[in-house]
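Novice: Got a predicted model here, sequence first, then my questions.
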Amino acid sequence: WARLANVDVLSWHSFPWPMLKAPSDPEQITYLEVQAYVLSPHHPGEKTPKDRIKDYLRKWHPDRFETKLLPKVREEERETVKEGAGTVARHLNLLL
């Protein structure tokens with residue numbers, strides 16, 4: 001995430017989608033995949049699952065994502081990335 005702020009042009013593949021296997025489109029971002037990744041017992045760090053979810057929500061929340069990162073996404077991929085990020089945010093909200 002830190003490097004995304006310093007990149008001028010982003011694409012779908014620039015983002016660390018919270019899944020064990022990187023999705024190739026928004027339809028592949030499922031609740032079960034996001035849940036398995038975020039709540040994995042092998043997740044690095046000492047944070048509680050709820051704190052991890054909140055951290056991810058801060059990154060993927062539309063208000064932040066759409067103002068800070070979406071404008072950097074290539075025009076032809078922007079709508080797809082927006083859809084994917086929105087899907088991630090909705091799944092994270094369901095995990096709370």
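Specialist: Yep, that arrived.
Novice: What residue, apart from its backbone neighbours, is nearest residue 93 spatially?
Specialist: Once flanking residues are discounted, residue 93 sits nearest to residue 57: 7.0 Å by C-beta to C-beta, 6 or more residues apart in numbering. No exception for glycine: its C-beta is placed from N, CA and C like everyone else's.
Novice: Show me what the helix of greatest length in the chain is packed up against.
Specialist: In terms of residue count, the longest helix belonging to the chain (DSSP state H) is helix 75-95. Counting contacts by 3 or more C-beta pairs under 8 Å, 6 or more residues apart in numbering; DSSP states H and E, helix 75-95 is packed against helix 31-38, helix 49-60, helix 62-68.
Novice: To residue 23, which of those lies closest?
Specialist: Nearest of the helices and strands packed on helix 75-95 to residue 23, taken as C-beta to C-beta: helix 31-38 at 7.7 Å.
Novice: just the angle between the closest one and helix 49-60, please?
Specialist: 110 degrees (axes from the mean of the first three to the mean of the last three C-alpha atoms, to 10 degrees).
Novice: Show me what the mean pLDDT comes to for helix 31-38.
Specialist: Helix 31-38 carries an average pLDDT of 97.
Novice: re earlier: for the helices and strands packed on helix 75-95, give me JSON lines that also has distance to residue 21.
Specialist: Converted to JSON lines, the helices and strands packed on helix 75-95 look like this (distance: least, C-beta to C-beta, whole Å):
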{"stretch": "helix 31-38", "distance to residue 21": "8"}
{"stretch": "helix 49-60", "distance to residue 21": "17"}
{"stretch": "helix 62-68", "distance to residue 21": "21"}
